[in-house]
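Undergrad: quick one: sequence plus predicted model below, questions after.
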Amino acid sequence: MKRILLYIAAVIFIIALASPSFAEPEKVLKGSIEKFDYKNNILTVLDYSGKIHYVNVTASTTVEIEGEYFNIEDLYYGQEVDIFLIGNKAERIIAYAETDPERYGYIIPGSRFVTGEVLFLKEDSIEIKNEGKKEKYRITSSTKIIKGGEPVSVIRIKEGDKVLLTFNDIYSSEVDTIRVQDSEEAITGLMRGKIRLVDERKEEIHIYSPYIYKEGNTWMPYGEYMVKLKITDNNLYNGGRRIKLSDLAEYKDREVYIAYSSKYGRLNVSKLQVKSGSLRVYESSIDDIEYGSGRMIVDKSIIHFNEGTIVVKDNKLVDVLNMEGNKKVKINAEYKNGMLYASIVAIEGSSILDKRLDDTKIAIYRGKISNIHDYEIEIGKLINKTNYMKLTEDGIWREEKDSARFSVTEDTLIYDSQLKEEIPVNSLLNTRYFDLNSIKNSALRNRLQNKFYKDKTAYFIVRESSFGKELLALNITPHISSYVSGLGNGYLTMGKIEDINYDEYKMALADVKNYNTLNRRWEYTLDETLDISQAVILYNDVPIPLSRIYTLRKGLTAYVVKYKQTSRDVGYVILIED
C-alpha cells in the first residue's frame, strides 16, 4: 500500500511540474535590434537600460508587425521590438513600424553614417553588410542617391556596391542619402594562374601562365606570359582560411584564382583564392542553399562555399549572402577528398528588361505607326493577321492583343534608320507647327511633307510604369517592310563594349552571347563588331544620338536587338547600363 501511495505521489509531482504554473514563466524583453547572426540564429537586442541581450530564434518564432506576420529577415537594424521569451528562446516578436507614434527607430547615438556593401535592395529598404553583420534600413521616395558626384535613380545601385548611408535623425533608421562608390571600384575580371614571385616590400605578386575568365564559364589565355598585380593583406584566402601576404610565398608555383580591378594604370588584386583541388565546372540554378553550414545544391551536387569563395555579379565582387535559391550560377569548383568546394561563383545578372526598384521597366515593341496624335503615337498591326509584338524578359517576341498608345515628349528620340537621320519631334506630330524648310535633308523633308511615316514599321522603346507608357525612342524602319516574314533574321545579343569607332559607327563587343530562340538560352559566341549607324541607343534610359556616342565607355553592358542584312549584323536598338 505504501508503495502505491509513493507511486501516486510521484505521478502527481511529475504532472505538476509539467503544468503551466510550474513551467518557466514567459517574460518580455523590450529594446531595439542591434544584430542578427544568421549562422547561429541569434538576435542581439539592446534594451532601454543599455544592456545587451542575446536571444535564440527558432523556426517556430513568429514575427508580427502591425498585426501582420513577417519573416525574421524583414526586421530592421535599429527597429524597436517586444520579444516574448521562454528562457532565452524567442517565442514571439512584435516589431514596431517607425510610423507608430508611440515608437521610435534607434541607431546608436553618434552613428550619423553607416558604410557597407549592398546585399539586397528593395523598393523600401536597403540591406548591407557592415563589418561582418547584416544591417537593414528604410529608404523612401525622399532618399537621395549620389553616384559619381551626381544625383541618380535607385536603379543605378547594384548588389556589391560599396555605399555610405547618412541619416538626418540618429534616432531613425530612415536613410537620408546613399552615396555609391565610383565605378572604378568594380572588378575588371577574373584571372587564374600560378605564383612566380611575391614581393612584400613592393606589395606585388607575379603570376605566370595567366588565363582570363570568360562569361561562358571558360578560360582564355591572357596574352602575356607574366602579369604583375598590386596586392595587400586584404581578401587573401586558402579555402575558408584568411592568410597574410607573407604567407603567399609558401604557395610558389601553386595555382590561384584572382578577382582583379584596374586602377591608376595597373592591375590590383581584389580577392585571391588558392586552388587546392581538381577543377569541375557547373552551370545551373541553385536548388537549395544553407548559409549556416555553407552548402548549396547545384545540378544535383552538394557544393560547399565559405568566406574565401569569390562571388561576382554584374562586374561586382559580392558577398556569399547574395547567392539565393533559384538564381542561375556558373561555378568553378574544386574536387578534393570526395567533396566539392566553390572557388568562383558567377551569379547571372538581372535582365535589362526586368521590372526595376522604382517600379518602372523598359519594354521594346515592334509594330507599325498606326496613328499620330498630339504627343501620342499609336502602335498598330504588323500585317493584317498579326498584331504588334513585344519583347519579353525571356527574349521571346510575343504578339499583343490590346491596342496601345505611347506618350511622346520633346526628349523622345525619333530616328529614320533608312536615311540615318534624326527626326525632330514636332515635325512628326500632326498637331504641332514645324517649319519643314529648316530640314536640310531633302529626302527626309519630302517624307514628312507626304506623311510617309504612317503605317511604317518601327521599334518602339518604352518606359512603362503605373503612370503610363512613355516613348523614349522610336526607330522607324521603312526598309524592313514585314518584320514577321523576316523574323528569322532578328537576333538578340548581349556583350560588353570593347571599343567604338566613332567615324564608321562601329561597336566592338566582348563576352558576347546570343539568344537561342529554340532552346531559350543565352549562348556564348565569338566577339563581334556591330554596325550601329542605324541604331537608337539608350544609356540608363537616356537616348544617346550617334553624335554623342563618345560618352559611352569601355566595359558597359549592351543589350542589342539586331537584324541580319546580307553578311552584316546591324543593331537597331541598343540598351546600355552600368
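TA: That came through fine. Numbers count the residues shown, from 1 in each chain.
Undergrad: and the helices in this protein?
TA: Taking DSSP state H as the test, the helices found in the chain are 2-18, 425-428, 442-449.
Undergrad: name the residues of the shortest one that are buried.
TA: Of the residues in helix 425-428, those buried by neighbour count under the rule 16 or more other Cβ atoms under 10 Å are 425, 427-428. Glycine gets a C-beta too; all of them are placed from N, C-alpha and C.
Undergrad: comparing the helices of the chain, which yields the minimum mean pLDDT?
TA: Note on the helices of the chain: helix 2-18 shows the lowest mean pLDDT, a mean of 54.
Undergrad: how close does A535 sit to T517?
TA: In this structure, A535 and T517 are 21 Å apart, going by Cβ to Cβ, to the nearest Å.
Undergrad: actually, I302.
TA: Distance of I302 to T517, computed by Cβ to Cβ: 34 Å.
Undergrad: these two - which one has more neighbours?
TA: Neighbour count, other Cβ atoms under 10 Å: between I302 and T517, T517 has more, with 16 against 12.
Undergrad: quick check: phi and psi on the more buried one?
TA: The phi/psi pair for T517 (degrees, to the nearest 10) reads phi -70, psi -10.
Undergrad: confidence score at it?
TA: What the model reports as pLDDT for T517 is 74.
Undergrad: same thing with N56?
TA: As predicted, N56 sits at a pLDDT of 92.
Undergrad: check contacts around it.
TA: Residues near N56 by Cβ atoms under 8 Å, 6 or more residues apart in numbering: 41-43, 88-90.
Undergrad: can I assume K252 is in contact with I207?
TA: No - when contacts are counted by Cβ atoms under 8 Å, K252 is not listed as touching I207 (11.3 Å).
Undergrad: what's the overlap in contacts for the two?
TA: Counting by Cβ under 8 Å, 6+ apart, the contacts common to K252 and I207 are 195-196.
Undergrad: among the contacts of N56, which pair sits farthest apart?
TA: By the measure Cβ to Cβ, N41 and N88 form the most distant pair in those, at 11.9 Å.
Undergrad: so these two - more neighbours on which side?
TA: With neighbours defined as other Cβ under 10 Å, N41 and N88 compare such that N41 has more, 16 against 11.
Undergrad: for the more buried one, give me its contacts.
TA: N41 sits next to 56-58, 292 when contact means Cβ under 8 Å, 6+ apart.
Undergrad: which among the residues you listed end up buried?
TA: Counted by 16+ other Cβ under 10 Å, the contacts of N41 give V57 as buried.
Undergrad: output the contacts of N41 as TSV; include the columns distance to S262.
TA: Shown next, in TSV, are these (distance: Cβ to Cβ, whole Å):
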residue	distance to S262
N56	46
V57	43
T58	47
G292	36
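Undergrad: next one: A404 relative to G468, how far apart?
TA: 11 Å.
Undergrad: more neighbours: the two, which one.
TA: A404 (19 against 11).
Undergrad: so what sits opposite the more buried one in the bridge?
TA: In this structure, A404 bridges to I379 when assessed by DSSP bridges.
Undergrad: swap in F120?
TA: Beta-bridge pairing for F120 (DSSP bridges): E127.
Undergrad: I figured it hits E159, correct?
TA: Yes - counting by Cβ under 8 Å, F120 touches E159, with 7.0 Å between them.
Undergrad: joint contacts of these two?
TA: N322.
Undergrad: and the buried residues of helix 425-428 as TSV, adding distance to K51?
TA: Below are these laid out as TSV (distance: Cβ to Cβ, whole Å):
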residue	distance to K51
V425	65
S427	72
L428	70
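Undergrad: give me the more crowded residue out of F120 and E159.
TA: More neighbours surround E159 than the other of F120 and E159, with 21 against 15 (other Cβ under 10 Å).
Undergrad: tell me, what's the model's pLDDT at the more buried one?
TA: pLDDT, E159: 81.
Undergrad: how about the one 5 residues further on?
TA: Residue-level confidence at L164 comes out at 85, pLDDT.
Undergrad: quick check: it vs I243, distance?
TA: Using Cβ to Cβ, one obtains 29 Å as the distance from L164 to I243.
Undergrad: of those two, which one has the most company?
TA: Per other Cβ under 10 Å, whichever of L164 and I243 has more neighbours is I243, with 17 against 14.
Undergrad: what's the nearest residue to the more buried one if we skip its chain neighbours?
TA: Closest residue in space to I243, ignoring its immediate chain neighbours: L236 at 5.0 Å, by Cβ to Cβ, 6 or more residues apart in numbering.
Undergrad: need the contact list for the one you found.
TA: Contacts of L236 by Cβ under 8 Å, 6+ apart are 242-245, 247-248, 269, 271-272.
Undergrad: the same query, at a cut-off of 10 Å, please.
TA: By Cβ atoms under 10 Å, 6 or more residues apart in numbering, the contact list for L236 reads 205, 242-245, 247-248, 256, 269, 271-274, 308.
Undergrad: show me what counts as buried in stretch 68-85.
TA: Applying 16+ other Cβ under 10 Å to stretch 68-85 flags 72, 75-81, 83-85 as buried.
Undergrad: let me redo that: stretch 29-39
TA: Quick answer for stretch 29-39 (16+ other Cβ under 10 Å): 29, 31-36.
Undergrad: quick one: neighbours of the residue nearest to S285 when sequence neighbours are not counted, just the number.
TA: Excluding the flanking residues, the one nearest S285 by Cβ to Cβ, 6+ apart is K328, at 5.2 Å. Neighbours of K328 under the rule other Cβ under 10 Å: 14.
Undergrad: do the same with S351
TA: Neighbours around S351, by other Cβ under 10 Å: 15.
Undergrad: look up how far V329 lies from it.
TA: Distance of S351 to V329, given as Cβ to Cβ: 16 Å.
Undergrad: beta partners for V298?
TA: Beta-bridge partners of V298, counted by DSSP bridges, are I286, S301.
Undergrad: my guess is it meets N326, correct?
TA: No - using Cβ atoms under 10 Å, V298 is not in contact with N326, being 11.2 Å away.
Undergrad: what residues do these two have in common as contacts?
TA: By the contact definition Cβ under 10 Å, 6+ apart, V298 and N326 are jointly contacted by 285-289.
Undergrad: only whichever of those are buried, select them in ChimeraX.
TA: Entered in ChimeraX, the line below selects the buried ones among those, by 16+ other Cβ under 10 Å:
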select :286,289
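Undergrad: mind listing the strands for the stretch 451-578 of the chain?
TA: Per DSSP state E, counting those that start in this stretch, the stretch 451-578 of the chain carries strands over the ranges 457-465, 468-476, 490-501, 506-516, 521-524, 528-531, 536-539, 542-544, 557-565, 568-577.
Undergrad: oh, that last question was meant for the stretch 201-350 of the chain, not what I typed.
TA: Counting by DSSP E, counting those that start in this stretch, the strands of the stretch 201-350 of the chain are 204-214, 218-221, 226-230, 236-238, 241-242, 255-263, 266-274, 278-290, 295-298, 301-304, 310-313, 316-318, 328-336, 339-347.
Undergrad: same check, this time on the stretch 1-150 of the chain
TA: For the stretch 1-150 of the chain, strands defined by DSSP E, counting those that start in this stretch occupy the ranges 26-37, 42-47, 52-56, 62-65, 68-70, 80-86, 89-95, 113-121, 125-130, 133-138, 144-147, 150-151.
Undergrad: quick one: the first one to strand 133-138, angle?
TA: The one in question is strand 26-37. Interaxial angle of strand 26-37 relative to strand 133-138 (axes from the mean of the first three to the mean of the last three Cα atoms, to 10 degrees): 100 degrees.
Undergrad: listing partners with orientation, what would you give for strand 26-37?
TA: Strand 26-37 has these partner strands in its sheet, going by DSSP bridges: strand 42-47 (antiparallel), strand 80-86 (antiparallel).
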